[in-house]
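K.L.:
below: sequence and its predicted model.
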Amino acid sequence: MVEILVNGKVVRVAPGTTVAAAVLIAGEERFRHSVRGEPRGPLCGMGICFECCVTIDGRPNLRSCQMPCRDGMEVVTAVFNEG
Amino acid sequence: MSVRIADVAVVGGGIVGAACADAFSADGLSVELIEAGIVGGGASAAGMGHLTVMDDSEAQFALTSFSLRLWKRLETALPAEVEYSRCGTLWVAADDEEMAEVERKRQFYTLRGVTAETLDARQVAEAEPNLRPGLAGGLLVPGDRVIYAPCAAAWLVKRAIAGGARVRTGVRAVSTDASMGAGMVTLSDGGRVSAKHIVDATGAASPDLVRPRKGHLAITDRYAGFVRHQVVELGYLKSAHGHDIESVAFNVQPRATGQVLIGSSRQYGIGDSRVDAHLLARMLRRAVEYMPRIATLSVVRAWTGFRAATPDSLPLIGPSPRNGQVLLATGHEGLGITTSLGTARLLADWVAGRKPPIPIEPYLPTRFPAEVHRG
């Protein structure tokens, strides 16, 4: 199993799990905010729509659906995307 | 096709043409605005949208400071999509030579009543934490503003329409003829507009005296708070944008969305509007030299546009030397967003026979000898 932090909460997932899946497992549905402040979450699941962007290890706007979890990753949702 | 009759036909619906349509319409004149593409979709969409007071010459200072005052009168009326921002301009000095320029600029502005504050190395780092360490300092001009120009142009056009102006988009003016006391504009759809005055606000497409200067811009994804002011390198003045055929300079702006708008580049003699990957890379490397963390941001779009450059870097405002019925409102180069309102005011006063708030003479196209004009 791989262990990551989602908004400070420990989440344990199977190797190969995407960050998007781990965020949903953590119970977080609001990944980012649109320009007008509406909540956004994974839509296409294949890296096209950019709706699932989160901050990973301090880097904002990364597509969580394209990112496999690595041990010790720190994921923060809907922080850097405040419009 | 029928002939429409108007007091003024404005050809070109960029921010300058939009401001002219608005000003003439406010004077009670009937206005026809003709735009080949969409309103604000040309050079207005390829500028950074700064409303800035410039000190390159007294004439440029007069027009930019007058225009900025006009913008500030509108600030409560502008709708949210214009993204009017009070971010100010921070001119960044890399070394002692550029700090001397900071002092010269500060004195110039202060003498003329424009607030400008010298920042030392520590203060400049505090003002913009993403600037590289070790810069000498900077000059903060807090009164400068930034807008999103395409929406500002659309708003000015909307106001002109409310004042009775008619707007035609997607139609080109194929010829203008002003031989019989009244001007006649023939349109690409066969229609014609008869007008006492024809305003040429076609920017780099104007046949008189201007040459197109290509510029690149890039915009990032949203990184709120990454940059706080419009930030410009002072090397802009002394070397980067000198007389080279091709040059880049560091210039970034915060946008209301949290995006970072990155400029700038200059190229002459290029007709191709496609993004030049080599020059875009140079422009972004320059930005990274000043703000290293820009290298970690995602750019979501890059695009280009053509500004109308003149031999003396001042716009062309007033009767065309080739045809007095045609009033030029072009040649604004990189300052057209700022100076659009001042240009419109000067032309409206000219037509009405009013004394303008600042002298129009420095911008009259007749300042150039006739043989310089092409066309």
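P.N.:
Happy to help now that I have it.
K.L.:
rest of the way, CA atoms for contacts and neighbours
P.N.:
Noted.
K.L.:
and the pLDDT for B:Asp120?
P.N.:
Looking at B:Asp120, its pLDDT is 98.
K.L.:
for it, list each beta-bridge partner.
P.N.:
B:Gly137 (DSSP bridges).
K.L.:
ok, it - contacts?
P.N.:
B:Asp120 is in contact with B:136-138, counting by CA atoms under 8 Å, 6 or more residues apart in numbering or on different chains.
K.L.:
so which bits of stretch A:58-70 are buried?
P.N.:
A:60-67, A:69-70 (16 or more other CA atoms under 10 Å in any protein chain shown).
K.L.:
please apply the same query to stretch B:103-121.
P.N.:
Neighbour-count burial for stretch B:103-121 [16+ other CA under 10 Å]: B:103, B:105-109, B:114, B:116-121.
K.L.:
what is the nearest of those residues to chain A?
P.N.:
B:Ala121 (27.0 Å; CA to the nearest CA).
K.L.:
nearest residue to that closest one other than its sequence neighbours?
P.N.:
B:Gly137 (4.3 Å; CA to CA, 6 or more residues apart in numbering or on different chains).
K.L.:
point out where chain A drops to low pLDDT.
P.N.:
A:79-83 (pLDDT under 70).
K.L.:
hmm, what's the outermost residue in chain A?
P.N.:
Distance from the centre of chain A peaks at A:Arg36, with 19.9 Å (CA atoms, centre = their mean).
K.L.:
which residues of chain B lie near chain A?
P.N.:
Counting by CA under 8 Å from any CA of the partner chain, the residues of chain B lying close to chain A are B:221-224, B:256-258, B:296.
K.L.:
just the buried ones from these?
P.N.:
Buried among those by 16+ other CA under 10 Å: B:221-224, B:256-258.
K.L.:
who touches the residue nearest the centre of chain B in this structure?
P.N.:
With distances taken as CA atoms, centre = their mean, B:Gly336 lies nearest the centre of chain B, 2.2 Å away. B:Gly336 is in contact with B:15-16, B:44, counting by CA under 8 Å, 6+ apart.
K.L.:
helix or strand for it, which one?
P.N.:
Element membership for B:Gly336 (DSSP states H and E) is helix B:336-352.
K.L.:
which of the residues in that helix are classified as buried?
P.N.:
For helix B:336-352, burial by neighbour count (16+ other CA under 10 Å) applies to B:336-350.
K.L.:
any idea which of the residues you listed is closest to B:Gly28?
P.N.:
Nearest to B:Gly28 among the buried residues of helix B:336-352 is B:Ala348, at 10.6 Å by CA to CA.
K.L.:
picking up where we left off before, in helices, which of the contacts of B:Gly336 appear?
P.N.:
Of those, the ones assigned to helices by DSSP state H are B:15-16.
K.L.:
between the contacts of B:Gly336, which is nearest chain A?
P.N.:
B:Ser44 (22.5 Å).
K.L.:
helices of the stretch 201-350 of chain B, residue ranges please.
P.N.:
B:235, B:277-290, B:336-352 (DSSP state H, counting those that start in this stretch).
K.L.:
so which of these gets nearest B:Asp189?
P.N.:
Of all those, helix B:336-352 comes closest under CA to CA, at 27.5 Å.
K.L.:
OK, contacts around the closest residue to B:Gly342 other than its chain neighbours?
P.N.:
The shortest distance from B:Gly342 to any non-neighbouring residue, by CA to CA, 6+ apart, is to B:Ser67 (4.5 Å). Neighbouring residues of B:Ser67 by CA under 8 Å, 6+ apart: B:338-343.
K.L.:
one more time with 10 Å
P.N.:
Residues near B:Ser67 by CA atoms under 10 Å, 6 or more residues apart in numbering or on different chains: B:51-53, B:61, B:73, B:337-345.
K.L.:
please apply the same query to B:Arg159.
P.N.:
Applying CA under 10 Å, 6+ apart to B:Arg159 gives the contacts B:18-19, B:21-23, B:25-26, B:153, B:165.
K.L.:
of those, keep whichever come out buried.
P.N.:
Counted by 16+ other CA under 10 Å, the contacts of B:Arg159 give B:18-19, B:21-23, B:25-26, B:153, B:165 as buried.
K.L.:
could you identify the most distant pair in these?
P.N.:
B:Ala26 and B:Ala153 (15.7 Å).
K.L.:
check which helices and strands the worst-scoring helix or strand of chain B on mean pLDDT sits against.
P.N.:
In chain B, the helix or strand scored least confidently by mean pLDDT, DSSP states H and E is helix B:235, which has a mean of 83. When contacts are defined as 3 or more CA pairs under 10 Å, 6 or more residues apart in numbering or on different chains; DSSP states H and E, helix B:235 sits against strand B:89-93, helix B:96-111.
K.L.:
neighbours around B:Thr220, how many?
P.N.:
Number of residues near B:Thr220 (other CA atoms under 10 Å in any protein chain shown) recorded here: 18.
K.L.:
equivalent analysis for B:Val275, please.
P.N.:
Neighbours of B:Val275 (other CA under 10 Å): 16.
K.L.:
who's in contact with it?
P.N.:
B:Val275 neighbours (CA under 10 Å, 6+ apart): B:214-217, B:302-305.
K.L.:
show me the contacts for the residue nearest to B:Ala121.
P.N.:
B:Gly137 neighbours (CA under 10 Å, 6+ apart): B:90-96, B:98-99, B:102, B:118-125.
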